[in-house]
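>>> Compute the structure for the input listed below.
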Amino acid sequence: MTRRKFLGTSAAVAGAAAVTAASFSANSYARILGANDRINLGFMGTNSRGAALLGSFVSNGGINITNICDVDSRVIDKTSATVKKLGFAMPKATDDIRVMLEDKNMDAIVIAAPDHWHATAGVMALQAGKHVYVEKPLSHNPHEGEIFIEAQKKYGKVVQMGNQQRSSVETQELIKYIHDGMLGHCYRAETWYGNERGSIGNGKVADVPEWLNWDLWQGPAPRTTYKDNYVHYNWHWFWHWGTAELCNNAAHELDIARWALGVEFPEQVSVTGGRNFYTDDDWEMYDTIQARYDFKGGKSIEWVGNSCNKVLRFGRGRGTLILGTKGYVIVDRAGFEIYDLSGKLVKERKVTGRAVNTSDLMGGGVLTDNHTANFLENIRGTATYQSSPASEGHTSTMLCHLGNIAYRTGETVQCDSANGKVKGDKANALWGREFQSGWDLKA
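Coordinates of the predicted model:
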């Protein structure tokens, strides 16, 4: 059985606990691959998405889970017990990434902490000689992304961002069709996302829970008072830590659209949007937005985001429509459908083996398994390509940041198409921000 066939047919891994049902135990993998082939992994953030990533890495085999880091002591206890049940030795556990990075036996780190931690943790890991798998977005703001890219070039380690559709066999096949000219000249992509998020309410200043290290949770972000509706998820909707729905979800579809059209940084970005639902709660961002990116050569990408209105397009809650002079294609995580100009279906490809839930907001399953496997293969030097090198992750993340800057300034943002740099004082004021004292980020 090939690795790809195994990934396509193994049981779904929704989180670390589910791995116990996999057809091979962690010890079995260790025996198959041998001690010298195993990669020692540390995980920063093991709740929710972090747990799903842990399960995905275990399902690929050939690893040891040697370190875990989380600022929630309850999560530390739960994850430690899970790792032990999976057949690994009890991991070294800490709430401080600086302590974890001191372990010279750890080869790579998986970062699933809040967005404001991504670039800081990634750069620190590179400086400590570790490879980095980091969830999207690559950075909290454009300046941090630039530092991250500079550090990756300086230290030469593998950095892979969690835009897992890049590792979809079906999407890779489609991109080849497009780049080979099957759709003619592709000039526009339309992308979308719909959800039915509820209100986050109005938080109250409260004592920090005994299980939470609030100082380390904030890390590189300037300090603020704890409120009871920030942790664990609602931080997404505060500019101080989060990056809005563009970085949270458009990062996936914009990445596919950019890849298909063969474009990098835009010439200008314009948006319309606002907060239309639950207008009295603490949510600081838009819940409805339309972002347009114009590139050289007349190409454009549009993203329509509806955080609180789960509208379907082509029967899908999220996806990408690519328009060409010979036809069009609809693609999502479950496969693609190519149509000619008359609307006749001429080719389609669906994910085989394990089903993909296109409404899955955690993005787990076979695509994540393929993506984490590609990361490990690149560390071992056995890969023929890297699905999402740091430079590609940075460029796609930049599209999201530029959309947020356009929204926050209320202006159409003009950009340097060579590097994404923005023009104008208001836009440049949002290019980066001050770090908390002691957490300055340098490559």
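>>> any idea how far the residue lying farthest from the centre of the chain lies from Ser387?
For the chain, the largest distance from the centre (CA atoms, centre = their mean) belongs to Ser342, which lies 36.1 Å off. Ser342 sits 34 Å away from Ser387, going by CB to CB, to the nearest Å. All C-beta spots, glycine's among them, are computed from the backbone N, C-alpha and C.
>>> all strands for the stretch 201-350 of the chain, in order.
With DSSP state E, counting those that start in this stretch as the criterion, the stretch 201-350 of the chain has strands at 268-274, 288-294, 300-306, 318-324, 327-332, 335-340, 345-350.
>>> would you turn the ones you listed into a markdown table with distance to Ala260?
Output for those, formatted as a markdown table (distance: least, CB to CB, whole Å):
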| stretch | distance to Ala260 |
| --- | --- |
| strand 268-274 | 19 |
| strand 288-294 | 13 |
| strand 300-306 | 9 |
| strand 318-324 | 5 |
| strand 327-332 | 8 |
| strand 335-340 | 10 |
| strand 345-350 | 15 |
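>>> now the ones you listed as CSV including mean neighbour count, mean pLDDT and distance to His240?
Listed next are the strands of the stretch 201-350 of the chain as CSV, based on neighbours: other CB atoms under 10 Å; pLDDT from 0 to 100; distance: least, CB to CB, whole Å:
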stretch, mean neighbour count, mean pLDDT, distance to His240
strand 268-274, 18, 98, 20
strand 288-294, 21, 98, 19
strand 300-306, 23, 98, 21
strand 318-324, 22, 98, 27
strand 327-332, 23, 98, 32
strand 335-340, 19, 98, 38
strand 345-350, 13, 96, 42
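>>> Quick one, which of these gets closest to Thr224.
With CB to CB as the measure, strand 268-274 is the member of the strands of the stretch 201-350 of the chain nearest Thr224 (24.4 Å).
>>> how far off strand 300-306 does that closest one point, in degrees?
If you take axes from the mean of the first three to the mean of the last three CA atoms, to 10 degrees, strand 268-274 sits at 20 degrees to strand 300-306.
>>> Trp439 - how many residues pack around it?
Neighbour count for Trp439, taken as other CB atoms under 10 Å: 14.
>>> what sits against it?
Neighbouring residues of Trp439 by CB atoms under 8 Å, 6 or more residues apart in numbering: 120, 219-220.
>>> Restricted to helices, list those.
Mapping those onto helices (DSSP state H) picks out Thr120.
>>> and Glu102, what element?
Using DSSP states H and E, Glu102 is not contained in any helix or strand.
>>> confidence score at it?
Glu102 carries a pLDDT score of 98 in this model.
>>> Can you give me the distance of it to His236?
As judged by CB to CB, Glu102 and His236 stand 30 Å apart.
>>> Compare the two (neighbour count), which wins?
His236 (21 against 13).
>>> Would you mind measuring from that one to Gln290?
Per CB to CB, His236 is found 20 Å from Gln290.
>>> Please apply the same query to Leu341.
Distance, Leu341 to Gln290, using CB to CB: 26 Å.
>>> related to what we said a few turns ago, and of the contacts of Trp439, the nearest to Tyr177?
Ranked by distance to Tyr177 (CB to CB), those are led by Thr120 at 39.3 Å.
>>> show me what contacts that closest one?
For Thr120, the contact set (CB under 8 Å, 6+ apart) comprises 144, 219-220, 435, 439, 441.
>>> Need the residue closest to the centroid of the protein.
For the chain, the residue nearest the mean C-alpha position is Lys136 (2.3 Å; CA atoms, centre = their mean).
>>> For that one, give me its contacts.
Counted by CB under 8 Å, 6+ apart, Lys136 has contacts 161-163, 247, 251-252, 393, 396-397.
>>> Take these and write them to JSON lines, including distance to Lys153.
Listed next are the contacts of Lys136 as JSON lines, based on distance: CB to CB, whole Å:
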{"residue": "Met161", "distance to Lys153": "15"}
{"residue": "Gly162", "distance to Lys153": "20"}
{"residue": "Asn163", "distance to Lys153": "20"}
{"residue": "Cys247", "distance to Lys153": "23"}
{"residue": "Ala251", "distance to Lys153": "22"}
{"residue": "His252", "distance to Lys153": "25"}
{"residue": "Gly393", "distance to Lys153": "14"}
{"residue": "Ser396", "distance to Lys153": "18"}
{"residue": "Thr397", "distance to Lys153": "16"}
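>>> how distant is stretch 135-152 from the center of its chain?
12 Å (CA atoms, centre = their mean, to the nearest Å).
>>> where along this structure do the helices fall?
Under DSSP H, the chain gives helices at 3-9, 26-33, 49-60, 73-85, 97-100, 118-127, 142-155, 169-179, 214-218, 244-245, 251-261, 366-380, 390-409, 425-428.
>>> Reformat the ones you listed into CSV and put distance to Val110 next to each item.
Shown next, in CSV, are the helices of the chain (distance: least, CB to CB, whole Å):
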stretch, distance to Val110
helix 3-9, 18
helix 26-33, 16
helix 49-60, 6
helix 73-85, 12
helix 97-100, 11
helix 118-127, 10
helix 142-155, 16
helix 169-179, 23
helix 214-218, 18
helix 244-245, 24
helix 251-261, 17
helix 366-380, 8
helix 390-409, 15
helix 425-428, 33
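>>> about what we covered before: ok, now how distant is the residue nearest to the centre of the chain from Thr397?
As for Lys136, its distance to Thr397 is 7 Å (criterion: CB to CB).
>>> Give me the common contacts of the two.
Shared contacts of Lys136 and Thr397, defined by CB under 8 Å, 6+ apart, comprise 161, 247, 251.
>>> How about Asn213: what's its closest non-neighbour residue?
Leaving aside its chain neighbours, Asn213 sits nearest to Val71 (4.3 Å; criterion: CB to CB, 6 or more residues apart in numbering).
>>> what is the residue nearest to Leu323 when sequence neighbours are not counted paired to in the beta sheet?
Of all residues not flanking Leu323 in the chain, Arg188 sits nearest, at 4.5 Å (CB to CB, 6+ apart). Legend: beta-bridge partners of Arg188 under DSSP bridges are Ser300, Leu323.
>>> which residues does Asn404 contact?
By CB under 8 Å, 6+ apart, the contact list for Asn404 reads 243-244, 246-247, 430.
>>> tell me, how many neighbours does the nearest residue to Glu434 once chain neighbours are set aside end up with?
Ranked by CB to CB, 6+ apart and with sequence neighbours excluded, the top spatial neighbour of Glu434 is Pro222, at 6.3 Å. For Pro222, the neighbour count with other CB under 10 Å is 13.
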